[in-house]
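In: Model the structure of this input:
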Amino acid sequence: MITIRKSQDRGHAEHGWLNSYHSFSFADYYNPQWMGFRSLRVINEDFVAAAQGFGSHPHKDMEIITYVLSGQLKHKDSMGNEGLINPGEVQKMSAGIGVVHSEFNASSKEEVHLLQIWITPDTKGLKPAYEQNLLSVDQKNSLVPFPVSIHQDAKLFRGRTTKGHELEHKLNKDRGAWLQMISGSLSINTVSLEAGDAAVIEKETILKFTSTKDSEFLLFDLM
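Out: Just a heads-up that it's a prediction; the model follows:
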């Protein structure tokens, strides 16, 4: 069974410095039908204006993953980590018992475009931890695992496909999947998706992706 979450149906917040789209209930956007999916709690697509960002704020007991699509994000946290997150890089913070961090657009001229993802960990009260790694820049027509570890039985992949190409992913019968489109268009088991759309996938064992345009997407394989 595949349920489509259309891009235009997402929550939306426009703060001037931040233009954000919420797949699930977040901040002032509340939709009881969309509180998360399995351990996946947040997917926000954020456009942050030049020289703007999120000031220092705390998190606790959450796996927080940031994937930068364009621009540069400047990161700083209470664990002593500080630096830039570049396009194609994945950052992961295990907030654990508590961490304070800030994220700012490093450019004074260009906006930064990113996805922020929260996954509920399988254990509370962990020691905070940080990872940052680059996804393969040139690898296309494949599902590439996110190069970070998370405290949850969840597999994260980035897919990049060229027009007309097909990919396949096997899903165990007791697992579900969430597909988040970033760009392009494709079909999953004949169900069509466009940029910004998402698909909730349950009780499917074979996922077949066929691109109708060059596409990029994220796939979450979840217990």
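In: Outline the domain layout of this protein.
Out: For the chain, automatic domain parsing gives the domain ranges 10-134, 142-222.
In: Is it possible to get a markdown table of those domains that adds distance to Ile2?
Out: (Glycine included, C-beta is placed from N, CA and C.) Below are those laid out as a markdown table (distance: least, CB to CB, whole Å):
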| stretch | distance to Ile2 |
| --- | --- |
| domain 10-134 | 13 |
| domain 142-222 | 5 |
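In: Tell me who's in contact with Phe26.
Out: The contact partners of Phe26, by CB atoms under 8 Å, 6 or more residues apart in numbering, come to 11, 42, 44.
In: picking that back up, with distance to Thr3 and mean pLDDT added, can I get the domains of the chain in CSV?
Out: As requested, the domains of the chain are exported to CSV (distance: least, CB to CB, whole Å; pLDDT from 0 to 100):
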stretch, distance to Thr3, mean pLDDT
domain 10-134, 10, 98
domain 142-222, 4, 97
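In: So which of those is nearest Ile4?
Out: With CB to CB as the measure, domain 142-222 is the member of the domains of the chain nearest Ile4 (5.9 Å).
In: Any idea how far apart the tips of the closest one sit?
Out: 19 Å (CA to CA, to the nearest Å).
In: So what's the gap between it and the chain middle?
Out: On the basis of CA atoms, centre = their mean, to the nearest Å, domain 142-222 sits 12 Å off its chain's mean C-alpha point.
In: I figured Ile2 was touching Asn189, is that so?
Out: Yes. Ile2 is in contact with Asn189 according to CB atoms under 8 Å; the separation is 6.3 Å.
In: Give the residues shared as contacts by the two.
Out: Common contact partners of Ile2 and Asn189 (CB under 8 Å, 6+ apart): Glu204.
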